[in-house]
Structures are given as C-alpha cells and as structure tokens.
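J.: this one's sequence-less:
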Ligand SMILES: Cc1cc2nc3c(=O)[nH]c(=O)nc-3n(C[C@H](O)[C@H](O)[C@H](O)COP(=O)(O)O)c2cc1C
Ligand code: SF4
C-alpha cells in the first residue's frame, strides 16, 4: 500500500491542493481510504490526519470503509422516480441480495441512492464504479446482476449500458454551427483583446449558471486586480436536478468551451485554468483530456498561443459527489483540496478566489457563448432575446413530454411554446430552475424564460396531471437536506427539520398547526442560511403552499377531510393560537 500511495502522491507533486485527485486514486485501488492509508497520506503530504478525514467525510463519493467491488448508485432525481426508479432499485436489491445502503456479505457488491446524476433525459439512471448507466429497466438489471455474480469487470460490460445520448432537439445561434478551432481566438487577437471585452460588454452576456451576473464586468473586475497571478475556472459541477446541458456541451462542443476559457484568460491575463467536472460525468474525462491534448498540438493551449505572447493551460479536476461544490466559492475550496464549504462573500472570487488570487468562475454555457460573441460581435448577439436578457438559453427538458433533451431558444420564449415543441400534454406544471427554482402552474404558461421573468440555469421539468405535487416537493426537500454542507445551523438543522415536518404532513399525520410550523421553518431557513443552497431550500414548499394549498389540506389529519374545511382560515387561527418560540432559539435547542 505504501509504495502505491507514494507513487500517487509523487505524480501529484506532493501537493495537498490535489488531495481530491489523490484520494480518488487511492480509493479506486483499495475500495476505500483506510486508517492506514490516511496515516501514510498525512505523512507524505505533511498535513493533519483530521484534514484528510474531514475531506473524506464531506464528499459522498469517498469512503472510510470498503464499498463493494461493484459499487452501484441509483439516481434519486424526481425524473428517475417518474420513470419507475423505486421499483427498479427494489428489484435490483432483491436480485442481488443486498439491502439499499449496504455492502453484500461477500463484499462483491454495494447498492445506494445518489443525488441526480444528470441523465434526466435518459433515466432511470445510475453509476457503477463511477461510470454512468442510462435507461435502466428490468431486462438490463437482470443482465447486470448476472455480470456482477460472474465477476465480469465493468470494462467488459456491454458498451450500450453506458451510452449517453446528447438528445439535442432544437438548435439556434450557439448549437446550430460549431466554431472552427481557434477561430474565436484569432478574431479576438486581430480585433484586440480590450475591444473584444467591449464586444462581450455590448452583447450583454449574463452568466448562465443561474445568478446572471454580467460576464464582461466579471472579467473586467478580475483583470483590474493588481497581481500577476489570476485563474479561470469553468464550473461544470451541474448538480441541479434536471440540468444536463453542460454534459452535452462538454460531450460535443468541448473545443468551443475551452476556446471561451482561453479567450477569458487572454483578456484577464491568466496562465492557468481549471475545468471542475462533476464526478458523475467521469465518462467524459478521457475524451476531454484528448481535446486538451489536441488543442496543445494545434497551438491553442500552452505557450505562444496562435504565435502570440499568450500562455495558458487547462487542468481538469473531478469533484466527488457534492452538489454544494457548484457554488463558486465552495468549488474553489474544493479545488484547493478542502471540503466544499462556501466562503463568506465579499470578497468575491474575482478579488480573492483560487489561492486567494483573482479568479473568474463561469458556467460552461457562458464560456461557449463568449467564444461565439468574439466571432460575431456583441451587436449581432444582442439582437436575439429580450431587453434585459440577450442571446439564447439552453434548456434541459425532462419529465412528462414526448421529446426530452436539449433545446436552445432566444430568451423570451413562452412556456406554452416550449411545451408544444417538446410534445407535453395535459400539463399540471413545470419546475423551472431545478429544486431551488420556481413551480409554474397551468395558469402561468404565458410567462417567459428570461432574467426579467423566469430565470433558470437550464432545468425544466414537466409534470402532467397524473402526478402528485407533494411527491416532487418531498423529493426536492429531501435533496436539500441531503446536500446541505452542514456548515451553518439554520441550513443544517433547518433542512433536516423541514424534511421531518413535511414528511409528517405528507404521510397524513399533520394538523393545520403543523403547516404553520412548516411555513415558519421555511422562513427561517430562507432568511438565516449562509449561502444560496439554504436560502433556496424552502422554495419547493413555499411556492407550492402558495399555489396549491388544497393538496396540503387533503393530507391533514382528521378535520382536513371535513366538508367546508378552509385551510387559510385554519392556518390563521393556528397562527394566533400557536405559542411560537423564537425560531432561532428553537433550532439551537433542537440542535442540542
Ligand atoms: C448551491 C449552488 C449550486 C450551484 N451550482 C452551480 C453549477 O452546478 N453550475 C454553475 O455554473 N453554477 C452553479 N451555481 C452558481 C455559481 O455559484 C456561480 O454563480 C456561477 O458558476 C457563475 O458563473 P456564471 O456567471 O457563468 O453563471 C450554484 C450556486 C449555488 C448557490
Ligand atoms: S446554507 Fe447550507 S449549504 Fe450553505 S453553508 Fe450553510 S449549511 Fe452549507
């Protein structure tokens, strides 16, 4: 063991910053990171054992104790559930003879749920030893069980099990035509980098990762910091359930994404960039490395890019199963080999990011769009879209429709038009922007995708009238409780209490007073949490309580079923009557 770990640490330059990489390799060899391995690592890297243990415990994909030789994770996204995931995992568990969450007695196989794996257009999905499995059904599961019992290495399993389709159904400015390799950089260098930044400014490009911050301003702020060391980070963590557009961009448009990163580096004066790739997209890792090599060979990375003085390189770093690492400051912590706990902001990453140096963090789609803008110019780009939302947006459409997949639309497209395009009928509503976004009901289908109205990182999940809205609220609330990083009390305890309180109501054991408590908890988690995860974790409950009080009402025990029962009146009475402790004090008490 010592010899192997020594080699791994050596190839990672003895850098604690690469701790995630190192742990991944050690675990791949020994199926876990044991106490013995931790001791060796602590010694070789000259860091505390506790530092290593905190990282292992933080990330879902690292383990202190061995998993099975075949480690199977089944995606727990609401769309997987809609495609029959629960009965499939139960079936798999029975056929393999292993309980969910356990390792089989002989150590051959382990089975567990995992948060959305980014395959909502081709679920039910899962991972085996980290590699994506798609379109699971009983026939495939029977074959998988045989392969495991025969101890067939995953590399010898049928390739079709691992095929991941792009499912691009509608293209526009970005997807209809690939740019030529180096084209954006050549145009930018000819035009001048300052003028190219001005073109990005003219385009009005706003970040596509969710928050919509102006991209040219971000790049400008970073370039103005007084230092010679700056970093470019592409956020490919894509953990928001229902979002999978970045997966498709990295599969089929990686050159353009890397070109956008290189353009940013040239403009801000950076020599080093990272692609932070979620571990669930491990299947893309090797091909992305090949694209980087090709770009080196073409003189588009490395020294003297296109015979200029520009020098830039990109390193791919894998995550390890933590949704919070999509939050930019948590991502930076993770890049530094630490648990992905969001930092206090300000200072923002453009001022103090990776290694406390100015860092631009942008979404995959943002870099792709920037490369296009460098070629066509800002004015041309800004002709598409609405007043405050220029250009196009990629949507990842999943759920109840005929054609799940990727759709590119100019901003301003109505929900109604999208539903027609993807063949959605009898629609109850849509979750726009993932669990942290908004539930849009059938009366709101004239609303538009834009920063002015419905903004989204790309997730668009459709539910038909046969679905029960409480199933999705429950799934999302459980998701947040699972993904809370645990750093701050309002979110750590609050999301756990939200889950418990919601389950009580959904399971038919709640009263109107319980709904009041639920609402209170929502406000508390929303208003007092440290970062965006906690601040949005109550959205699924709050938005559905507002739009569909009757579905909660139907679940309340006893009085709820009486004819003429009025939830609003009852809630008001309960609010008056319920003696409410100060919520924060209440949480602290629960915590104790
Ligand atoms: C909990 C949480 C998860 C996030 N996940 C992602 C993600 O997976 N991808 C992403 O680009 N941005 C994500 N973001 C937003 C990032 O913090 C950041 O705003 C974004 O990467 C900036 O890039 P942009 O300006 O191009 O949008 C997340 C934010 C939060 C609070
Ligand atoms: S809000 Fe939640 S995810 Fe964010 S820092 Fe607090 S505990 Fe972590």
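T.: Received it, and whenever you're ready, just let me know what you need. These numbers were taken from a predicted model, which means no experiment stands behind them. Numbers count the residues shown, from 1 in each chain. Ligands and ions are numbered 1, 2, ... in the order given.

J.: CA atoms for contacts and neighbours, from now on please.
T.: Will do.

J.: So which residue is dead centre in this protein?
T.: Using C-alpha atoms, centre = their mean, the residue of the chain that lies closest to the mean C-alpha position is residue 239, 1.3 Å off.

J.: For ligand 1, what's its nearest residue on the stretch 51-200 of the chain.
T.: residue 118 (10.5 Å; C-alpha to the nearest ligand atom).

J.: Does that residue touch residue 237 like I think?
T.: No. Applying C-alpha atoms under 8 Å as the test, residue 118 and residue 237 come out as separate, 10.0 Å apart.

J.: Between these two, point out the one with more neighbours.
T.: residue 237 (30 against 27; other C-alpha atoms under 10 Å).

J.: residues touching that one, list them.
T.: 276, 277, 278, 319, 323, 325, 326 (C-alpha atoms under 8 Å, 6 or more residues apart in numbering).

J.: What is the longest strand that the chain contains packed up against?
T.: Assignment by DSSP state E gives strand 392-399 as the longest strand of the chain. Strand 392-399 is packed against helix 78-82, helix 245-252, strand 405-410, strand 459-464, with contacts defined by 3 or more C-alpha pairs under 8 Å, 6 or more residues apart in numbering; DSSP states H and E.

J.: count of neighbours near residue 453?
T.: 11.

J.: Leaving out sequence neighbours, find the closest residue to it.
T.: Spatial nearest neighbour of residue 453, chain neighbours left out: residue 447 (6.9 Å); criterion: C-alpha to C-alpha, 6 or more residues apart in numbering.

J.: per-residue confidence at the one you found?
T.: Note on residue 447: pLDDT of 97.

J.: Same check on the one 4 residues further on?
T.: With respect to pLDDT, residue 451 has a value of 96.

J.: And what about it, helix, strand or coil?
T.: coil (DSSP: H, G, I helix; E, B strand; the rest coil).

J.: Just want to check the distance between it and ligand 1.
T.: Distance, residue 451 to ligand 1, by C-alpha to the nearest ligand atom, to the nearest Å: 12 Å.

J.: That residue is in contact with residue 388, isn't it?
T.: Yes. Residue 451 lies in contact with residue 388 (C-alpha under 8 Å); the separation is 6.8 Å.

J.: Any stretches of this structure with poor pLDDT?
T.: Residue ranges of the chain with pLDDT under 70: 558-592.

J.: let's see 80
T.: 557-592 (pLDDT under 80).

J.: show me where the stretch 151-300 of the chain has helices.
T.: Using DSSP state H, counting those that start in this stretch, the helices of the stretch 151-300 of the chain run over 183-191, 193-203, 215-224, 245-252, 254-268, 285-297.

J.: likewise the stretch 351-500 of the chain?
T.: 364-376, 378-382, 415-422, 469-483, 489-506.

J.: Quickly find the element holding residue 526.
T.: Using DSSP states H and E, residue 526 maps to helix 512-528.

J.: Give me the angle between that helix and helix 489-506.
T.: For helix 512-528 against helix 489-506, the angle by axes from the mean of the first three to the mean of the last three C-alpha atoms, to 10 degrees is 160 degrees.

J.: Buried residues of helix 512-528, list them for me.
T.: Residues of helix 512-528 classed as buried by neighbour count (16 or more other C-alpha atoms under 10 Å): 512-519, 521-526, 528.

J.: Nearest to ligand 1 among those residues?
T.: For the buried residues of helix 512-528, the nearest to ligand 1 is residue 526 (12.5 Å; C-alpha to the nearest ligand atom).

J.: Skip the chain neighbours and tell me the closest residue to the closest one.
T.: Nearest to residue 526 is residue 535, by C-alpha to C-alpha, 6+ apart, at 4.1 Å.

J.: residues touching the one you found, list them.
T.: Residue 535 makes contact with 525, 526, 527, 528, 529 under the criterion C-alpha under 8 Å, 6+ apart.

J.: Was I right to think the fourth one contacts residue 492?
T.: No. When contacts are counted by C-alpha under 8 Å, residue 528 is not listed as touching residue 492 (11.3 Å).

J.: quick one on the thing from earlier: mind putting the helices of the stretch 351-500 of the chain into JSON lines with distance to ligand 1?
T.: Listed next are the helices of the stretch 351-500 of the chain as JSON lines, based on distance: least, C-alpha to the nearest ligand atom, whole Å:
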{"stretch": "helix 364-376", "distance to ligand 1": "5"}
{"stretch": "helix 378-382", "distance to ligand 1": "17"}
{"stretch": "helix 415-422", "distance to ligand 1": "22"}
{"stretch": "helix 469-483", "distance to ligand 1": "9"}
{"stretch": "helix 489-506", "distance to ligand 1": "12"}
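
J.: Residue 214: which of those is closest?
T.: helix 364-376 (10.3 Å; C-alpha to C-alpha).

J.: Grab the nearest non-local neighbour of residue 168.
T.: Residue 168 sits nearest to residue 406 (C-alpha to C-alpha, 6+ apart), 4.6 Å away.

J.: Could you check how far the one you found is from ligand 1?
T.: From residue 406 across to ligand 1, the span is 16 Å (C-alpha to the nearest ligand atom).

J.: who's that residue bridged to?
T.: Assessed by DSSP bridges, residue 406 has beta-bridge partners residue 168, residue 396.

J.: Quickly note the distance from the residue of the stretch 401-550 of the chain found nearest ligand 1 to residue 486.
T.: Closest to ligand 1 within the stretch 401-550 of the chain is residue 532: 3.7 Å, counting by C-alpha to the nearest ligand atom. Relative to residue 486, residue 532 is positioned 13 Å away (C-alpha to C-alpha, to the nearest Å).

J.: wait, which of the helices and strands packed on strand 392-399 is closest to residue 159?
T.: Evaluated over the helices and strands packed on strand 392-399, closeness to residue 159 peaks at helix 245-252, with 16.8 Å, by C-alpha to C-alpha.

J.: on contacts alone, who are the packing partners of that closest one?
T.: helix 364-376, strand 392-399.

J.: okay, the angle between that helix and strand 459-464?
T.: On the basis of the same axes, to 10 degrees, helix 245-252 is oriented at 120 degrees to strand 459-464.

J.: now what about helix 245-252, what contacts it?
T.: Taking C-alpha under 8 Å, 6+ apart as the rule, helix 245-252 contacts 118, 166, 236, 238, 257, 281, 284, 288, 364-365, 394-396, 406, 458.

J.: and that helix with ligand 1, contact?
T.: No. Helix 245-252 stays clear of ligand 1 (C-alpha under 6 Å from any ligand atom), getting no nearer than 8.5 Å.

J.: mind listing what's buried in that helix?
T.: 245, 246, 247, 248, 249, 250, 251.
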